[in-house]
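Asker: Sequence and computational prediction follow.
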Amino acid sequence: QTPLNIAAELEENGVKILGTSTKSIAFAEDRELFRQKMIELGIRQTDGATVFSMEEAVKVAGQTGYPVMVRPSFVLGGRGMEVIYDEQMLLKYAKEAIQVSPEHPMLIDRFLENATECEVDALCDGEETFVAAVMEHIEHAGIHSGDSACTIPSRTIKAEHLKTIDEWTKKIAKELKVRGLINIQFAICEDKVYILEANPRASRTVPVVSKTIGIPLARIATLLMLGKKLSDFPELIHRKLPYVSVKEAVFPFNMFPEVDPVLGPEMRATGEVMGIDLDFGLAFYKAQEAAGTKLPVEGTVLVTVADADKEELFPLAARLSKMGFKILATDNTRRFLKGKGVEATPIKKMHEGRPNIADAIRNKEISLIINTPVGRLSARDDSYIRMLAIQYKIPYVTTIAAARATADGIDSVKRKQSQPRSLQEYHALLIKGGADAAS
């Protein structure tokens, strides 16, 4: 991000800027310019605007409709971003978080709830574009892309949406005259594709994509910036992947045991790992282990989720129970599961007496925790569950999407034997067209 922010100033001082022009960078970085450019290109985006005062913020949010995603402009890693659910919350955010003013505008967009997010890394020589990979995020939109696990190839995105993403990526890269790398983020909500943002630079995902597809993207991008064309690189061809690659974020929460590890729009990850195998479950399991979380294959699972997540929890709890896990659940969650025919052992929250969740965690009686935050309107804070999980090194997930992926990983590792292979072996499978993938 820093090179993008200082490119114009460097150019003004006589420094030659290689690759994408500073004018194109400005188009991508300035949200209002970018919004206008997307309208010109006919590319769907969420409703929203840049605002310079409290009055404007309230008006735009009212027109857009809550919830909205708000953020300061020109920030790195989603710093200061938040999902806002009502006017009272918006006023508080504008006053306390960023002091919105003409010098410090605020960006307001309609928040796409329960949307599938994905991102693209692509190479462009100013005219032609090579889409290296579409990475489907495991967590829904609202979790920063740097914090979300993602999978290559995509798992659930329809072919028609993949085609739209490919076309829009090429259209945007050509319009911005990108020379080198570009990363574009999309969301799919109610069967429609939306663009979220475009960054004409290398992304943190480039090493993962390069290792997955066996093509040195950074080296080729550098040569494109120096004047080469995509046609100079015959290795840039699309092959169907006979394996799955999963990127997982690494977090520093073990160094900050008093910090609630729940994820949101502001990035918290400090590193990344990758798991690769012949199916998603095994690749996800490997990625978790690489990130420092070895998923259990037996034991007791604690489930305590927000009301909004209970319907999605039911099939997941049933699946874990079928796999042989004992289910522990807090009162409301337990009653809901029982009504659906899934048996769960009751456990008390900390304010309900003892023995309780905190005691069970400290006594190492729990193998896995599924806990989605109850939200700001709850009378009781459940952050202690997540913080204790970190302190006592118990695997935990805070979204239903991640919990489903976790169940996939456990199920695969219980049913299948994973054969260690080098990246070269996977790339050999790729080149041979995946004929040996099942052997």
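Answerer: Ah, there it is.

Asker: can you give me the strands in the stretch 151-300 of the chain?
Answerer: For the stretch 151-300 of the chain, applying DSSP state E, counting those that start in this stretch gives strands covering 179-189, 192-199, 244-250, 271-277, 300-304.

Asker: At which residues are the helices of the stretch 51-200 of the chain located?
Answerer: With helices called from DSSP state H, counting those that start in this stretch, the stretch 51-200 of the chain shows them at 54-64, 87-93, 159-175.

Asker: could you dump those helices to TSV with distance to residue 330 and mean pLDDT?
Answerer: Glycine gets a C-beta too; all of them are placed from N, C-alpha and C. Putting the helices of the stretch 51-200 of the chain into TSV (distance: least, C-beta to C-beta, whole Å; pLDDT from 0 to 100) gives the following:
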stretch	distance to residue 330	mean pLDDT
helix 54-64	34	85
helix 87-93	26	83
helix 159-175	37	97
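
Asker: JSON lines for those helices, including distance to residue 337 and mean neighbour count?
Answerer: Putting the helices of the stretch 51-200 of the chain into JSON lines (distance: least, C-beta to C-beta, whole Å; neighbours: other C-beta atoms under 10 Å) gives the following:
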{"stretch": "helix 54-64", "distance to residue 337": "37", "mean neighbour count": "17"}
{"stretch": "helix 87-93", "distance to residue 337": "31", "mean neighbour count": "15"}
{"stretch": "helix 159-175", "distance to residue 337": "34", "mean neighbour count": "18"}
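
Asker: for those helices, which one sits closest to residue 39?
Answerer: Checking the helices of the stretch 51-200 of the chain against residue 39 by C-beta to C-beta gives helix 159-175 as the closest, at 12.1 Å.

Asker: Quick one: list the elements packing against the closest one.
Answerer: Counting contacts by 3 or more C-beta pairs under 8 Å, 6 or more residues apart in numbering; DSSP states H and E, helix 159-175 packs against helix 31-41, strand 116-125, strand 129-140, strand 179-189, strand 192-199.

Asker: So what touches that helix?
Answerer: 37, 41, 43, 118, 120, 122, 124, 126-127, 129, 131, 134, 154, 157, 182, 184, 186, 188, 193, 195, 198 (C-beta atoms under 8 Å, 6 or more residues apart in numbering).

Asker: where does the protein have low pLDDT?
Answerer: 73-80, 96-104, 374-381, 434-439 (pLDDT under 70).

Asker: Residue nearest the middle of it, spatially speaking?
Answerer: The chain has residue 148 as the residue nearest its centroid, 2.9 Å off, counting by C-alpha atoms, centre = their mean.

Asker: Just want the angle from the helix or strand harbouring residue 387 to strand 300-304.
Answerer: Assigned by DSSP states H and E, residue 387 belongs to helix 383-391. Angle between the axes of helix 383-391 and strand 300-304 is 150 degrees (criterion: axes from the mean of the first three to the mean of the last three C-alpha atoms, to 10 degrees).

Asker: chain center to stretch 10-17, what's the gap?
Answerer: Relative to its chain's centre, stretch 10-17 lies at 35 Å (C-alpha atoms, centre = their mean, to the nearest Å).

Asker: Start and end of that stretch, how far apart?
Answerer: End-to-end distance for stretch 10-17, by C-alpha to C-alpha, to the nearest Å: 8 Å.

Asker: Any buried residues in that stretch, and which?
Answerer: Along stretch 10-17, no position meets the burial threshold by neighbour count (16 or more other C-beta atoms under 10 Å).

Asker: One more: stretch 301-321?
Answerer: So, applying 16+ other C-beta under 10 Å, buried residues of stretch 301-321: 301-306, 309-310, 312-314, 316-321.

Asker: Residue 121 is in contact with residue 207, isn't it?
Answerer: No. Counting by C-beta atoms under 8 Å, residue 207 is not a contact partner of residue 121; they are 10.1 Å apart.

Asker: For stretch 395-414, output the C-alpha coordinates as PDB.
Answerer: Only the C-alpha atoms of stretch 395-414 are listed here, as PDB (Å, rounded to 0.1, in the frame of the first residue of the first chain):
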ATOM      1  CA  PRO A 395      -9.200 -24.700  18.600                       C
ATOM      2  CA  TYR A 396     -12.100 -22.300  18.100                       C
ATOM      3  CA  VAL A 397     -14.100 -20.800  15.300                       C
ATOM      4  CA  THR A 398     -16.200 -17.600  15.400                       C
ATOM      5  CA  THR A 399     -18.200 -17.900  12.100                       C
ATOM      6  CA  ILE A 400     -20.600 -20.700  10.900                       C
ATOM      7  CA  ALA A 401     -18.800 -20.700   7.500                       C
ATOM      8  CA  ALA A 402     -15.500 -21.500   9.200                       C
ATOM      9  CA  ALA A 403     -17.200 -24.100  11.400                       C
ATOM     10  CA  ARG A 404     -18.500 -25.900   8.300                       C
ATOM     11  CA  ALA A 405     -15.000 -25.900   6.800                       C
ATOM     12  CA  THR A 406     -13.600 -27.200  10.100                       C
ATOM     13  CA  ALA A 407     -16.100 -30.100  10.000                       C
ATOM     14  CA  ASP A 408     -15.100 -30.800   6.400                       C
ATOM     15  CA  GLY A 409     -11.500 -31.000   7.500                       C
ATOM     16  CA  ILE A 410     -12.100 -33.300  10.400                       C
ATOM     17  CA  ASP A 411     -14.400 -35.500   8.300                       C
ATOM     18  CA  SER A 412     -11.700 -35.800   5.500                       C
ATOM     19  CA  VAL A 413      -8.900 -36.600   7.900                       C
ATOM     20  CA  LYS A 414     -11.000 -39.300   9.700                       C
END
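
Asker: Any buried residues in that stretch, and which?
Answerer: So for stretch 395-414, counting by 16+ other C-beta under 10 Å, buried means 395-413.

Asker: Show residues contacting it.
Answerer: Residues contacting stretch 395-414 (C-beta under 8 Å, 6+ apart): 138-140, 143, 149, 261-263, 279-282, 284-285, 288, 293-297, 305, 309, 312-313, 316, 319-320, 323, 367-373, 385-386, 389-390.
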